[in-house]
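In: need a 3D model of the sequence below.
(chains A and B)
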There are 2 protein chains.
Amino acid sequence: MSDFALRVRQQDDFSGWYQAAVRGADLAEDSGVRGCMIIKPWGMGIWDRIRHTLGARIRETGHDDYYFPLLIPLSHFQSEAEHVEGFAKEMAVVTHHRVKPIDGRLQPDPASQLEEPLIIRPTSETIIGSAMSKWIKSYRDLPLLLNQWANVMRWEMRTRMFLRTSEFLWQEGHTAHANGEEAMAETEQMLEVYREIASDVLALHVLTGAKPAHERFPGAVETLAIEAMMRDGKALQAGTSHYLGTNFSTAQNIKFQDETGAWQLAHTTSWGASTRLIGALIMAHGDDDGLKLPPAVAPHQIVIVPLVRSDEEKAVVYEYVDGLARELRSRAWRNEPLRVFVDRGNDKPVNKRWNWIRKGVPLILEVGPREAAGGQVTCYRRDRLRDEDGRLARNTFGRDEAAERCVAECDSVQSGLRESARAFTQDNIVRFDGSLDELDAFVAERPTQWLQVGWSAPEGPALQAFLDRLATSRLTVRILVPETPEGARCIATGAPATAFVLIAKAY
Amino acid sequence: MSDFALRVRQQDDFSGWYQAAVRGADLAEDSGVRGCMIIKPWGMGIWDRIRHTLGARIRETGHDDYYFPLLIPLSHFQSEAEHVEGFAKEMAVVTHHRVKPIDGRLQPDPASQLEEPLIIRPTSETIIGSAMSKWIKSYRDLPLLLNQWANVMRWEMRTRMFLRTSEFLWQEGHTAHANGEEAMAETEQMLEVYREIASDVLALHVLTGAKPAHERFPGAVETLAIEAMMRDGKALQAGTSHYLGTNFSTAQNIKFQDETGAWQLAHTTSWGASTRLIGALIMAHGDDDGLKLPPAVAPHQIVIVPLVRSDEEKAVVYEYVDGLARELRSRAWRNEPLRVFVDRGNDKPVNKRWNWIRKGVPLILEVGPREAAGGQVTCYRRDRLRDEDGRLARNTFGRDEAAERCVAECDSVQSGLRESARAFTQDNIVRFDGSLDELDAFVAERPTQWLQVGWSAPEGPALQAFLDRLATSRLTVRILVPETPEGARCIATGAPATAFVLIAKAY
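Out: Numbering: from 1, shown residues only, chains lettered A, B, ... in the order given. So this is what the prediction gives:
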């Protein structure tokens, strides 16, 4: 039994482990500004890779990049408020446009009060809808397919880095279509894009499906989501795609003349994925030694740590290492040059090694005088870091085959993490056919598993009673499962089930 | 004399021409939110290219990407206010965190008033300095080299798209060093990076130099800038790099222990470039037909317009065009595949051609049945669009040589625009050795030229009198010219000059 790189173990305190993993990888830290984090280079490096790969898929599916204003006039939310009982939204409100010293203390200048307050965008449906209503005149202007990468802000009371912060980074897609079929096809297409990126790039196993009615985005006719299982068994919603019907186009007056000259309301969609995906990566793959990054999203896929004790050793080893790095960078993996970093820092080699382990670098290569003399390379694979006894597992291979091996190892780490996430997820979903009264006891025995249960889309008091019951075990309904229910019964009402749903604790 | 693509000509109304150029290229439009624009796909495409190329240079020079909070507590500006007489800043102030309906109208909830107002970042020196003061303990932590890509907001009363908007996009670099020499070297290095990008990517001719003391960034010991000449002769400051001495480290308590264990203040720098660069591109290269984009920054370097009137023609021409596009995309220019777009839209070919001309696409290829049958391609070069009589100038070349030609033409357009900007700028800077009393008459004769004049760093009333005099001709001092003044005399005081400065009207 050896020590681990993080001070908190997953099994002892998952939440403490998460914080230790974020800190250990130096991904982000608290900013002192409420609910806002500072994203540090390793975190930004991961986000840039997500942006790079997801951005390419969004453009390939025909969407253009725009940038809309950060501030939205308060009146844009008025129609929403009129439709939502007890409407109150946690949003940052700009009320003044100047500060000046008053009694020696800097304060908002009362003379600069805005006639209409402005809201920092929590999401951009209203302001983009307002632009769409100007741009769309005819069926020829449809579909209109927009995307933007932006910061957004929701005033959160309880925050957790990457998972729930007041300010976060995301992309938000907004589209308008001539009819519901096309808009729904778009909604499904973008869910599929999220699934692909989650699966192929982030190596997550995600479950996809529609949210039950009570979990939909306000104003959505249908909300589709990808849900991933974290290592503590909780669900994390990692991307959503909404079919908004004509609800937003009615409020924003997004109309077009069809081929007969008649005016029609456009059908709109919106879909988004955020820096939350970094939280998903950490909690789906990480272990007690820190992050495990899939090569497709790792800022460095390979880090080379030179092991040197003297200036003579340095001369020999650095030359060997530089040649190795050059050759590796000349090789492509997934159509891009391998991302290789040589750690020339002044820290001790053993500290460097553990630093890159905590950061989740897929392959860590160590080269000392012995390797340089013998034409060899020592390799640690982050996803198979330890042997059965908990000792570090290393591999040595020849310098000649290093490039070939590294490319193959990238493939292997990427698919290995993916397969591990799949197996873990599938092993932890159980069918529950019992009654609502038997639920608590069933959950108490398997507190980290997801339940697949029959569902008949209950409404009103039956739904409320069910949700209240779930709440006692902190469970929520995640998504509908696209499977035929084979004579199952609805957990909430006992009526014949029309679908399955997954229920789980969630972030 | 032919008609031009824009309705307003540069020589008639430069400001109207600028608006027509922005609209004609569909770069951006007004958002209805005060001072904020919507950046549209062609504008975002250009910005992405700037971000891509400048971002690479910033990383190559050792800077890491971070992301700091959008909102900055008002107290961070307090020390600044204490040092600036009559301090009042136009900034967006967040005072509440919730909205709710009061008397049927959505309003900030009085119960949600913040104890301390938050400012939307106008720039991030204070919040980044506050983080630096936590991160820096020892000389081993230096230099600390940060960069972020972000939106910022300054409440502007008179706005103009890309040139002066309340919200804009930029990168801001912030660094801390052990001493003034290193910090000044960093300041100069980043100015050089801006000069390189302006010159090699944007094909601008920029003049570099230090700002005179009265034009420095508040708190800076030295402000360096790149200045470009627009086609109306006005100067546009396109990037600045500041050496901040220990002014900000004193205010933010950024200290380190040196090798002897003594505590020292760090020396800091900051440097930024923004979406303003897009304004510079438009006004430095554009003409009465719209934008002219250098290939290095053009979202599409080549657009192919198929000329077809029937379905039969379509079959033949599209096959030819697709093969051409594939081959072109397989060729690299400046180490990246050529960016080629085939315009399959339903608009008439002649409208397509003019659309891409207004957008400034470097090479527009037209292929109809005649070209397809004859194995040829017709090419318009945006930078040499018209012959001496104002007629469109086209070139026809063989399909076999198309790829080779397009690569060569990209080089030629890039260097041609660069050379044209250089010649225009150099032709429009004149030395003025007269006295201050002769200045107005001299300027009246050459209202669009920059003047190079002797300078002895005047201060106090002499400076003020000089600036008042300049203001009557709407002139400002742009930068010091790194040249020996050969016995010239200071325009402001008549004393022997210690430097030259450039004076010009400016954006």
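In: quick check: mean pLDDT of the top strand by length along chain A?
Out: Identified as the longest strand of chain A according to DSSP state E is strand A:89-102. The pLDDT scores in strand A:89-102 average 94.
In: figure out how far that strand is from the centre of its chain.
Out: 31 Å (CA atoms, centre = their mean, to the nearest Å).
In: is that strand anywhere near chain B?
Out: Yes. Using CB under 8 Å from any CB of the partner chain, strand A:89-102 reaches chain B at A:89-101. Placement of C-beta: from N, CA and C, glycine included.
In: list the buried residues for that strand?
Out: For strand A:89-102, burial by neighbour count (16 or more other CB atoms under 10 Å in any protein chain shown) applies to A:89-101.
In: what do you get for stretch A:453-470?
Out: A:453-458, A:463, A:466-467, A:469-470.
In: same question, stretch A:422-435
Out: Neighbour counts over stretch A:422-435 (16+ other CB under 10 Å) mark A:422, A:424-425, A:429, A:432 as buried.
In: in strands only, show me the residues you listed.
Out: Judged by DSSP E, the subset of the buried residues of stretch A:422-435 located in strands is A:I429.
In: need the buried residues of stretch A:422-435 in a markdown table with distance to chain B and pLDDT, can you?
Out: A markdown table is the format used below for these (distance: CB to the nearest CB, whole Å; pLDDT from 0 to 100):
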| residue | distance to chain B | pLDDT |
| --- | --- | --- |
| A:R422 | 32 | 98 |
| A:F424 | 31 | 98 |
| A:T425 | 31 | 98 |
| A:I429 | 36 | 97 |
| A:F432 | 39 | 95 |
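In: which one of the buried residues of stretch A:422-435 is nearest to A:P349?
Out: Ranked by distance to A:P349 (CB to CB), those are led by A:F424 at 32.9 Å.
In: need the buried residues of strand A:89-102 in a markdown table with distance to A:G375, can you?
Out: Converted to a markdown table, the buried residues of strand A:89-102 look like this (distance: CB to CB, whole Å):
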| residue | distance to A:G375 |
| --- | --- |
| A:K89 | 64 |
| A:E90 | 61 |
| A:M91 | 62 |
| A:A92 | 60 |
| A:V93 | 65 |
| A:V94 | 64 |
| A:T95 | 69 |
| A:H96 | 68 |
| A:H97 | 67 |
| A:R98 | 68 |
| A:V99 | 65 |
| A:K100 | 70 |
| A:P101 | 70 |
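In: from chain B, how far out is the residue lying closest to A:A273 once chain neighbours are set aside?
Out: Nearest residue to A:A273, sequence neighbours excluded (CB to CB, 6 or more residues apart in numbering or on different chains): A:G239, at 4.1 Å. A:G239 is 20 Å from chain B, where distance means CB to the nearest CB, to the nearest Å.
In: what of A:P117?
Out: Taking CB to the nearest CB as the measure, A:P117 falls 6 Å from chain B.
In: the residue nearest to A:A273 bridge partners, please.
Out: With beta bridges defined as DSSP bridges, A:G239 has these partners: A:I226.
In: for it, what are its contacts?
Out: With contact set as CB atoms under 8 Å, 6 or more residues apart in numbering or on different chains, A:G239 has these partners: A:191, A:194, A:198, A:225-226, A:271-273, A:277.
In: same thing but 7 Å
Out: For A:G239, the contact set (CB atoms under 7 Å, 6 or more residues apart in numbering or on different chains) comprises A:194, A:225-226, A:273.
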